[in-house]
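K.L.:
compute the structure for the input listed below.
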Amino acid sequence: MNVAIHPNYVDCVVRCACGHTFKTRSVKSEITVDICSACHPFFTGKQKLVDTAGRIEKFQRRYNATKLGSQKKSKKA
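P.N.:
Numbers count the residues shown, from 1 in each chain. Now for the predicted structure:
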């Protein structure tokens, strides 16, 4: 087995955007994540919408427009 080809496996600090930190081991000494188990809705039971560039509002506008369009068609019939 070649000794010089394996990366160094060191202690690592993982930092979340919510401020939660924990230690693990990795080839990097520091990792930054957006969502961790302390703030993820699956683990906390709380619903938290993570909006990226207004995607939720865009979907709601599109959904409401199609919903209104289908109501107009049903009134004509």
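K.L.:
run a quick neighbour tally on the nearest residue to residue 20 once chain neighbours are set aside.
P.N.:
Leaving aside its sequence neighbours, residue 20 sits nearest to residue 38 (Cβ to Cβ, 6 or more residues apart in numbering; 4.0 Å). In short, each C-beta sits where N, CA and C put it, glycine included. Using other Cβ atoms under 10 Å, residue 38 is surrounded by 13 other residues.
K.L.:
residue 38 against residue 15, yeah?
P.N.:
No. The pair residue 38 / residue 15 is not scored as a contact, 11.4 Å apart, by Cβ atoms under 8 Å.
K.L.:
one step back: wait, what's in contact with the residue nearest to residue 20?
P.N.:
Listed by Cβ atoms under 8 Å, 6 or more residues apart in numbering, the contact set of residue 38 reads 16, 18, 20, 44.
K.L.:
for the second one, the count of nearby residues, please.
P.N.:
Meaning residue 18. Residue 18 - counted by other Cβ under 10 Å - has 14 other residues nearby.
K.L.:
which one is it nearest to, not counting chain neighbours?
P.N.:
residue 39 (4.1 Å).
K.L.:
which secondary structure state does the residue nearest in space to the middle of the chain sit in?
P.N.:
Of all residues in the chain, the one closest to the mean position by Cα atoms, centre = their mean is residue 35, 5.5 Å from it. Following DSSP: H, G, I helix; E, B strand; the rest coil, the label given to residue 35 is coil.
K.L.:
and the chain, what are its domains?
P.N.:
If you go by automatic domain parsing, the domain ranges for the chain are 1-46, 49-77.
K.L.:
thanks a lot, catch you later.
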